[in-house]
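*Asks:* pasting the sequence and the predicted model now:
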Number of protein chains: 2
Amino acid sequence: MAAAKRLTQRDIARLAGVSQATVSLVLNGADGNDGRIPAETRNRVNKVIRDTGYVADPVARRMVKGLNRILGVFTYEPAFPSAQADFFTPFLLGIEEAAQELGYDLLLLTGAGTRRKIFGDNVRLRLADGCIILGRQFDPAELERLVTGDFPFVAVGRRDDAGGPVPYVGGDYAPATSALVHRARDLGHHRIAYVGLNQGAESSEDRWQGFQEAIGGADLVTNINAVGRPAAEVLDILLAADATCVFFTELADAIAVEALARNRGLSIPGDLSIVVIGNHIRAEQATGTRFTSFAIPREAMARAATQMLVRRVEDDAPVEQLLLPCEPVEGETLGPVSTQTIRIK
Amino acid sequence: MAAAKRLTQRDIARLAGVSQATVSLVLNGADGNDGRIPAETRNRVNKVIRDTGYVADPVARRMVKGLNRILGVFTYEPAFPSAQADFFTPFLLGIEEAAQELGYDLLLLTGAGTRRKIFGDNVRLRLADGCIILGRQFDPAELERLVTGDFPFVAVGRRDDAGGPVPYVGGDYAPATSALVHRARDLGHHRIAYVGLNQGAESSEDRWQGFQEAIGGADLVTNINAVGRPAAEVLDILLAADATCVFFTELADAIAVEALARNRGLSIPGDLSIVVIGNHIRAEQATGTRFTSFAIPREAMARAATQMLVRRVEDDAPVEQLLLPCEPVEGETLGPVSTQTIRIK
DNA sequence: TCAAGCCGCTAATGCGTATTAGCAGTTATG
DNA sequence: CATAACTGCTAATACGCATTAGCGGCTTGA
């Protein structure tokens, strides 16, 4: 039971009365004119293979071929634990689908409690033919090593160049944000506020850039460059600035401020319009309010990233950078600007 | 850019002016008294390794060592696509956590559109050190081959012997079902019905067995041995049989019948108590009703299965079979039997 | 002074497969 | 009839690493 030694091609060869090389040739469908195995021999070998249930060791195979048909999926953060689950699930779904279609399996390398490194001591990642990197965080040093290295990878989410162009599939936040700004302006808003970071992560910068481009500069009444600030503070600032519309980068902030505003008797969007830039998960589930926003095509991004990665692995395709459009989400928190000014403390 | 050859130990050796064997010894912490590398040489080699960013090829490593620290996760059905997602997610979560703690990575082998085989042509599964098998379906022939083979595996969910004992971690449905039956009887129910398969899958049989043991035989008024039957038919049968309480194995059936019953003016549990055997996902989300049921400890099962698998891989531990208790879920659909008989057509 | 022991390192080997060069026997070609 | 071409197969090799046997130089002990 314990020492049930694995079968090897040598075993098959012995049983079939041929050489190991012949077994290999039979297995790999002796094509062309090189290894020519007549049907009779082929059948004999195949019979032994069937009878014994032999299967080639993928490790040894990989050893000589160099490829595995395995894609790594790396996340700095744990992928499943519930808080994150809703964030990663659409990505994993898309990756799995695409990998399936392309005949690849997935090697999950998900963040530990301790931050996980790509270039650790035990880089089992190299077992895969290439990898997709998920997650908002990204160690810049590791990114640079990846870029300069020869290991195929694709990032989900736009990344700035790091010693070279980074292959990625991202959401095209800038135009999506611009479109929402234009909608707000078309609805008469002239006093617009922005709550959220405008630097740091690429995705933050993209949003901010799209916002700036569309707003023209004159209409921005307040820019609270922070996330997670107490709702009361934020709301006070917004009201003090006479904002009629506010853009949040973080759904959580929007939810808190919206609840507080209603609590204070303000009507949304009657007195204050709210736009969330990017649909974070559970927009409608956490609260009854459906925020005006745009949809991040997570599943499509993941599919595209997977396909891109396979192109790089199989055809050594050049670096691509792809941004997928984000469709607007109507929602119910953006309305025409109110003609009367209400101020309730 | 294309031919950026991977570094090997030989490269490191050349750069450090030593032999490949020395590099390997340095990497594997020359323990004991066998390969003794003085600090000076060790430092020199380590410096080159750091400078070049070399990492050992896990494939070659596996080739000689035999183990990978990778666990396969096999599902006959696709794991992520949304309909299934809620079913598999808790399992994956538990597996990921346990694997993480034990220092293993996960190789996902998820079902294709076409049914996937464990023993296919391309058994990449063997790349892993062992595997966990998820899913309700299970090809009996493959199960038998697994049992007789030497590849370590653990099933999630109880499985009957197949040419030998099957290692598994399951939910202990029988006593959990019994407990619910007793509760119903304690509440005065004497006319109990059972809707669901009582043979086929092991999990169905366990439920049925637990039900039978507790009910004693006399009280079973109807046994509709089917799932997915039209709610109207089922309800009519239940009413015709004067059932005061009904056990469903399938949540979907329970939902349909409950809705119809309410629609016809019956009160639940006033006129009819409903028990669902096993909490299928989204019990509360799909409908407002919280069914009386028992909780299947999916995450704990997955964790236990993972740990069991590692024991088998690392210590060649004997086959274990483990059933985890299922806690009762109070719910709101099981109440005392009504003294008056209401019949509404 | 010589044997024994130790130290620092390397050559050699094997893991299971794919692949190539090439051998012996047969058949076609001029 | 000699040579070429083909057929069916095998020996040999490489892939990158871990591991073991053992080599030459040095130190120690008698």
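*Replies:* Alright, I've got the coordinates.

*Asks:* which parts of the stretch 201-345 of chain A sit against chain B?
*Replies:* Residues of the stretch 201-345 of chain A lying close to chain B (C-beta under 8 Å from any C-beta of the partner chain) are residue A:316. Every C-beta, even on glycine, is put in place using the N, C-alpha and C of the backbone.

*Asks:* the bottom helix or strand of chain A by mean pLDDT?
*Replies:* Each helix and strand of chain A was given a mean pLDDT (mean pLDDT, DSSP states H and E); the minimum falls on helix A:283-286 at a mean of 46.

*Asks:* that helix: what's the following helix or strand?
*Replies:* strand A:293-294 (DSSP states H and E).

*Asks:* average pLDDT across that next one?
*Replies:* Mean pLDDT, computed over strand A:293-294, is 92.

*Asks:* what residues does that strand touch?
*Replies:* The contact list for strand A:293-294, computed with C-beta atoms under 8 Å, 6 or more residues apart in numbering or on different chains, reads A:173, A:176-177, A:179-180, A:275-279, A:283, A:326-329, A:331.

*Asks:* change it to 6 Å
*Replies:* The contact list for strand A:293-294, computed with C-beta atoms under 6 Å, 6 or more residues apart in numbering or on different chains, reads A:176, A:276, A:279, A:326, A:328, A:329, A:331.

*Asks:* what average pLDDT does the next helix or strand after it get?
*Replies:* Counting by DSSP H and E, the element after strand A:293-294 in chain order, helix or strand, is helix A:298-315. In this model, helix A:298-315 has a mean pLDDT of 93.

*Asks:* how about helix A:298-315 as PDB, C-alpha atoms only?
*Replies:* What follows is helix A:298-315, C-alpha atoms only, in PDB (Å, rounded to 0.1, in the frame of the first residue of the first chain):
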ATOM      1  CA  ARG A 298     -14.400  42.600 -13.500                       C
ATOM      2  CA  GLU A 299     -15.200  39.400 -15.200                       C
ATOM      3  CA  ALA A 300     -14.400  40.700 -18.700                       C
ATOM      4  CA  MET A 301     -11.100  42.100 -17.400                       C
ATOM      5  CA  ALA A 302     -10.200  38.800 -15.900                       C
ATOM      6  CA  ARG A 303     -11.000  37.000 -19.100                       C
ATOM      7  CA  ALA A 304      -9.100  39.400 -21.200                       C
ATOM      8  CA  ALA A 305      -6.100  39.200 -18.900                       C
ATOM      9  CA  THR A 306      -6.100  35.400 -19.100                       C
ATOM     10  CA  GLN A 307      -6.200  35.400 -22.800                       C
ATOM     11  CA  MET A 308      -3.500  38.000 -22.900                       C
ATOM     12  CA  LEU A 309      -1.300  35.900 -20.600                       C
ATOM     13  CA  VAL A 310      -1.800  32.900 -22.800                       C
ATOM     14  CA  ARG A 311      -0.700  34.800 -25.800                       C
ATOM     15  CA  ARG A 312       2.400  35.800 -24.000                       C
ATOM     16  CA  VAL A 313       3.100  32.300 -22.900                       C
ATOM     17  CA  GLU A 314       2.500  30.500 -26.100                       C
ATOM     18  CA  ASP A 315       3.400  33.000 -28.800                       C
END
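
*Asks:* does that helix come close to DNA strand C?
*Replies:* No - using C-beta under 7 Å from any atom of the strand, helix A:298-315 never reaches DNA strand C; the gap is at least 14.5 Å.
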